[in-house]
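Asks: After the sequence you'll find the predicted model.
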Amino acid sequence: MSEETGKIGEITEPHHHEEEEENPYPTGLKNTEEIIEFNGQKVNTAIFTQGFVAGCDMKICFGECCKSGVYMDKNFPEVILAHKDMIKGVMSADQIKDESQWFDDEVVEDEDFPSGYAAGSNVYTDSKGVEKCVFNDENQYCSLQVAAVANGMHKWAIKPTYCIMYPVAVVNHILTYDDEHSQDLAYCGIDKEHNFTQTTFDGTREEIKYVLGEELYNSLDEHYKQNYSAKFTIKLPETK
């Protein structure tokens, strides 16, 4: 996901997938350890070993992962638009209130989405010159999640799957760590080991269970406990 400079309030193309040179890795993934399968879902074991921060903290990262817009199933904008008034009610002054400008007109083919096609959210430039997703507010929060919570809905009820699960994503039908997008992030990025306090799996347990279901989550959890969790606790002698 690259970034471009736009004028204040200008709607520009979403920055999601860009064509790159042929990937030398057979799965299309860079951070590949081992591909295993649970209940028909392929999983890259990198989610069990890749480090991650303690949690999202907008005061530290300023919502870096939300700046470039996001791809979602082509039918998901309908879910968001069904709640447009509710969403507009929590948007900041700089945000685009015209729902006709919330999504990119182009629909792209992407088999990782249920319909086989993806639609992208647009980006805008706020009054401080910061380019961000149309749903990213002045406090760096997601207006979709803020609106849902304010109206008694589940916090992720109208939020795209990719946004919910990051840094976990489904790429080429494989549940994996999103090593491409994380290259650009200064707080929770792939090479920010000094900020890591847990594994990616530990950091996204709630999200994985919500998006992919309890059955798959339980299978992943069991595998994680058997193969990656600490097997022994060593008690050191007390010193005086």
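Replies: Yep, that arrived.
Asks: make it CA atoms for all contacts and neighbour counts henceforth
Replies: OK.
Asks: Can you give me the end-to-end span of stretch 65-85?
Replies: Terminal residues of stretch 65-85 lie 25 Å apart, using Cα to Cα, to the nearest Å.
Asks: Run the chain-centre distance for it.
Replies: 13 Å (Cα atoms, centre = their mean, to the nearest Å).
Asks: Begin at 43 from now on, thanks
Replies: I'll keep to 43 as the first residue from here, and by that count the last item is stretch 107-127.
Asks: what comes up buried for that stretch?
Replies: For stretch 107-127, burial by neighbour count (16 or more other Cα atoms under 10 Å) applies to 107-116, 118-119, 122, 126.
Asks: Which ones among those residues map onto strands?
Replies: If you go by DSSP state E, those have Tyr113, Met114, Asp115 in strands.
Asks: Looking at the residues you listed, which is nearest Ile200?
Replies: Met114 (11.2 Å; Cα to Cα).
Asks: Isn't the closest one up against Pro156?
Replies: No: counting by Cα atoms under 8 Å, Met114 does not reach Pro156; the two are 9.7 Å apart.
Asks: name the helices or strands packed onto the strand ranked longest in the chain?
Replies: When the chain is parsed with DSSP E, its longest strand is strand 145-151. Applying 3 or more Cα pairs under 8 Å, 6 or more residues apart in numbering; DSSP states H and E, we find strand 145-151 packed against strand 159-163.
Asks: With just CA atoms, put the strand it packs on into CSV.
Replies: Written as CSV, here are the backbone C-alpha positions of strand 159-163 (Å, rounded to 0.1, in the frame of the first residue of the first chain):
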residue,chain,number,x,y,z
TYR,A,159,-14.5,-9.3,-6.1
ALA,A,160,-13.3,-6.5,-3.9
ALA,A,161,-14.3,-2.8,-3.5
GLY,A,162,-12.0,-0.3,-1.9
SER,A,163,-12.7,2.6,0.5
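Asks: Distance from it to the middle of the chain?
Replies: For strand 159-163, the distance to the chain centre is 14 Å (Cα atoms, centre = their mean).
Asks: after that strand, next one along is what?
Replies: As assigned by DSSP states H and E, the chain's next helix or strand after strand 159-163 is strand 165-167.
Asks: and that next one, how far out from the chain's middle?
Replies: 18 Å.
Asks: What's the mean pLDDT across it?
Replies: On average, the pLDDT along strand 165-167 is 93.
Asks: CA atoms of the longest helix along the chain as CSV?
Replies: Criterion DSSP state H: the longest helix present in the chain is helix 256-269. The C-alpha trace of helix 256-269 is given here as CSV (Å, rounded to 0.1, in the frame of the first residue of the first chain):
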residue,chain,number,x,y,z
GLU,A,256,-15.1,-20.6,17.2
GLU,A,257,-14.5,-24.0,15.7
LEU,A,258,-11.5,-22.9,13.7
TYR,A,259,-10.3,-20.7,16.5
ASN,A,260,-10.3,-23.6,18.9
SER,A,261,-8.3,-25.7,16.5
LEU,A,262,-5.7,-23.0,16.1
ASP,A,263,-5.6,-22.5,19.8
GLU,A,264,-5.0,-26.1,20.5
HIS,A,265,-2.2,-26.3,17.9
TYR,A,266,-0.6,-23.2,19.4
LYS,A,267,-0.7,-24.6,22.9
GLN,A,268,0.8,-27.9,21.8
ASN,A,269,3.5,-26.5,19.6
